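Engineer: this one's sequence-less:
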């Protein structure tokens, strides 16, 4: 029975990935501008503090699942990484990825009801939470697609260390390096 659920979730994510890819191509310029502006605002704070950044960490936020804001955190770090005194943190709601999430949840609930005799409410919540966590792959693909445009941000040249590492992952967790500039 759990296999049915796992396959349903995987299928939904694959379908969603294809839909998002085509929508991103249609809306690429406006999404790019919005994403880069969000980072540029943080870079201006770094310039005002006369600092240089070595890392940009982009993190999905588990708390945004609870609040249903579905945001990611963008944090800029000096060479002190997590130990710096200044905070350069912004939040960004990625377009498209969580569109129609309520409908997805209703479909998922029907699959659960049709295939499982008895589930407690907390178990259904866990299944929904797992489904939303699967979107982290889509978030990483989105970020990976748009971070290449960071080099277009003029102010970045002024505030980055010799090498800037753009990372994806949770705060104080093992992170994946997506790009080095």
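Structural biologist: Sure thing, it's come through. Predicted model, so just to flag it, every value in this text is computed and none were measured.
Engineer: residue ranges of the helices in the protein, please?
Structural biologist: 2-48, 62-67, 101-115, 121-133, 135-146, 154-159 (DSSP state H).
Engineer: reformat those as CSV; add mean neighbour count.
Structural biologist: For every residue, glycine as well, the C-beta is placed using N, CA and C. Shown next, in CSV, are the helices of the chain (neighbours: other CB atoms under 10 Å):
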stretch, mean neighbour count
helix 2-48, 14
helix 62-67, 12
helix 101-115, 14
helix 121-133, 14
helix 135-146, 18
helix 154-159, 14
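Engineer: of those, which approaches residue 179 most closely?
Structural biologist: helix 135-146 (7.9 Å; CB to CB).
Engineer: report the mean per-residue pLDDT for that closest one.
Structural biologist: Over the span of helix 135-146, the pLDDT mean works out to 89.
Engineer: again, but for stretch 13-31
Structural biologist: Here the average pLDDT along stretch 13-31 is 89.
Engineer: give me the contact list for that stretch.
Structural biologist: 95-97, 104, 134-135, 137-138, 141-142, 145-146 (CB atoms under 8 Å, 6 or more residues apart in numbering).
Engineer: farthest pair in the residues you listed?
Structural biologist: For the contacts of stretch 13-31, the farthest-apart pair by CB to CB is 104 and 146; their separation is 23.3 Å.
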